[in-house]
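**Student:** Give the three-dimensional model of this entry:
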Amino acid sequence: MNTYTNISGAKTGFLSLIAALILLAVIVLPVSALQLNGQDVSATTIGETVEYAITLDEAPAGLAGYIMTVQIADPAVGEITAVQFPSWVSLKNTTAIPADSVTLKGGDLYNDIAAGSTGITLATLTLRADGAGTTPVTITLRLHSSAVNRSQEQYR
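**Tutor:** Below is the predicted model:
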């Protein structure tokens, strides 16, 4: 399990929406170098939206898909208003938005994310500032490696 926390300070008189990434990864197969990066984002006015990209540093065994839950800890500060998947995600699903917590499912049916791929964008979220303050964003991720799916196909 890897945990990363990034926090930026609030600006006086303005809304500061800060996404602090806390990663709890539950992995189907052991991955030698799992790192998931988000970014600190901030909005200066209530109602402003900002994009929050979630990137997997590398997929040593490839990536067949994932299930990810993203939750804003303080709903008074912000809300998830949209989700954009990258083009490699051919099978996608999200729970209802806008929401304070969203579950995303993405699948790579065409094996675009091969073993050794790096800098893989999993999703880009749009966050809206609803009030003044800061709030962490918690991401829980379960990856499905390409190697798992290929070996399962061999036994069918």
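
**Student:** for this protein, which strand is longest?
**Tutor:** What stands out as the longest strand in the chain, according to DSSP state E, is strand 117-129.

**Student:** in its sheet, what does it sit against?
**Tutor:** With DSSP bridges as the test, strand 117-129 is paired with strand 49-59 (antiparallel), strand 78-84 (antiparallel).

**Student:** Adjacent strands (with direction) for the helix or strand that it is followed by?
**Tutor:** In the C-terminal direction, the helix or strand that comes right after strand 117-129 (DSSP states H and E) is strand 135-144. Applying DSSP bridges to the sheet, strand 135-144 is found paired with strand 19-27 (parallel), strand 65-72 (antiparallel).

**Student:** from memory residue 68 sits against residue 138, does it?
**Tutor:** No - when contacts are counted by CB atoms under 8 Å, residue 68 is not listed as touching residue 138 (10.7 Å). Glycine gets a C-beta too; all of them are placed from N, C-alpha and C.

**Student:** So between the two, which is more surrounded?
**Tutor:** In this comparison of residue 68 against residue 138, neighbours counted by other CB atoms under 10 Å, the higher total goes to residue 68 at 20 against 16.
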